[in-house]
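S.K.: Prediction below, plus the sequence it came from.
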Amino acid sequence: GAVVSQHPSRVICKSGTSVKIECRSLDFQATTMFWYRQFPKQSLMLMATSNEGSKATYEQGVEKDKFLINHASLTLSTLTVTSAHPEDSSFYICSARGFRQLLAKNIQYFGAGTRLSVL
Amino acid sequence: GENVEQHPSTLSVQEGDSAVIKCTYSDSASNYFPWYKQELGKRPQLIIDIRSNVGEKKDQRIAVTLNKTAKHFSLHITETQPEDSAVYFCAAGGSGGSNYKLTFGKGTLLTVNP
């Protein structure tokens, strides 16, 4: 299957700082990347969808100025949590879909997630 | 938008028994229904998916059925093994538009007891 790499896997930061999370598709071109937030023992909540070269589409209730998304290339999307606060502590996980020979559309391949803890 | 309901939230079975997880969706335009398995602390992994032109799909011990009229789909795991223990998520999405967005159910914690 396709490989999606997400870094860092864990980050601890002070309140008020910004944190950048990277999501890379290693062996395919990701035309679309998705960013999710997952609380303990809960489902994957879609935050935003990003298409390469265009602005991200945010889900209702997600602050675009708080969660900055950049999808600058076909293999990299970044999520920056700006001025992080304790309530932003969560598990953030990205996924990517794209094209490669035999890579079926619709399928989302997930990164390993980033555990953010804001003190 | 799409709304996906998943039941049960927890499921405990004995090794060798079958497990069934059910999901319903609201948007009749959805035509892609994947199932993901997420082990503790790990990424969700696609285990099987079905598209709306197919009513049933099977892959070894795993099968998925889809009833588009009733807007529900189910995951069936036969001959369960302890390594099947995980959280399973259903999802619904479409191939229309450019984003292929998926809406996930709340997950089912499956425990297979040896």
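M.R.: Looks like it came in fine.
S.K.: Strands of chain B, start to end?
M.R.: B:4-7, B:10-14, B:19-25, B:32-38, B:45-51, B:56-59, B:62-67, B:72-77, B:86-93, B:102-104, B:108-113 (DSSP state E).
S.K.: can you put the ones you listed in TSV and add distance to A:K41?
M.R.: C-beta: built from backbone N, CA, C; applies to glycine. Shown next, in TSV, are the strands of chain B (distance: least, Cβ to Cβ, whole Å):
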stretch	distance to A:K41
strand B:4-7	13
strand B:10-14	10
strand B:19-25	16
strand B:32-38	11
strand B:45-51	18
strand B:56-59	27
strand B:62-67	23
strand B:72-77	19
strand B:86-93	8
strand B:102-104	14
strand B:108-113	8
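S.K.: In a markdown table: those, plus mean neighbour count.
M.R.: What follows is these, written out as a markdown table (neighbours: other Cβ atoms under 10 Å in any protein chain shown):
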| stretch | mean neighbour count |
| --- | --- |
| strand B:4-7 | 18 |
| strand B:10-14 | 13 |
| strand B:19-25 | 20 |
| strand B:32-38 | 23 |
| strand B:45-51 | 17 |
| strand B:56-59 | 12 |
| strand B:62-67 | 18 |
| strand B:72-77 | 21 |
| strand B:86-93 | 24 |
| strand B:102-104 | 24 |
| strand B:108-113 | 17 |
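S.K.: will you turn these into TSV that also has mean pLDDT and distance to A:S18?
M.R.: Output for the strands of chain B, formatted as TSV (pLDDT from 0 to 100; distance: least, Cβ to Cβ, whole Å):
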stretch	mean pLDDT	distance to A:S18
strand B:4-7	96	33
strand B:10-14	98	38
strand B:19-25	98	37
strand B:32-38	95	28
strand B:45-51	93	31
strand B:56-59	94	43
strand B:62-67	96	41
strand B:72-77	97	40
strand B:86-93	95	30
strand B:102-104	92	28
strand B:108-113	97	34
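S.K.: what residue ranges in chain A score low on pLDDT?
M.R.: Across chain A, the ranges flagged by pLDDT under 70 are A:1, A:99-105.
S.K.: Spell out the residue ranges of the strands in chain A.
M.R.: A:4-7, A:10-13, A:19-25, A:29-38, A:44-51, A:57-58, A:67-73, A:76-81, A:90-99, A:109-110, A:114-118.
S.K.: and the first one, which strands flank it?
M.R.: Pointing back at strand A:4-7 there. Paired neighbours of strand A:4-7 in the sheet (DSSP bridges): strand A:19-25 (antiparallel).
S.K.: Can you mark which positions in the partner strand are buried?
M.R.: Of the residues in strand A:19-25, A:V19, A:I21, A:E22, A:C23, A:R24, A:S25 count as buried by neighbour count, 16 or more other Cβ atoms under 10 Å in any protein chain shown.
S.K.: What distance do you get for the fourth one to chain B?
M.R.: In this case it means A:C23. 11 Å (Cβ to the nearest Cβ, to the nearest Å).
S.K.: Beta-bridge partners for that residue, please?
M.R.: Going by DSSP bridges, A:C23 forms beta bridges with A:Q6, A:S77.
S.K.: Which of the buried residues of strand A:19-25 sits closest to A:F34?
M.R.: A:C23 (9.1 Å; Cβ to Cβ).
S.K.: A:T78 is in contact with the closest one, correct?
M.R.: Yes - look at A:C23 against A:T78 with Cβ atoms under 8 Å: they come within range, at 7.1 Å.
S.K.: one step back: now render the strands of chain A as a markdown table, adding distance to B:G16.
M.R.: Formatted as a markdown table, these follow (distance: least, Cβ to Cβ, whole Å):
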| stretch | distance to B:G16 |
| --- | --- |
| strand A:4-7 | 34 |
| strand A:10-13 | 37 |
| strand A:19-25 | 39 |
| strand A:29-38 | 31 |
| strand A:44-51 | 30 |
| strand A:57-58 | 45 |
| strand A:67-73 | 45 |
| strand A:76-81 | 43 |
| strand A:90-99 | 33 |
| strand A:109-110 | 30 |
| strand A:114-118 | 35 |
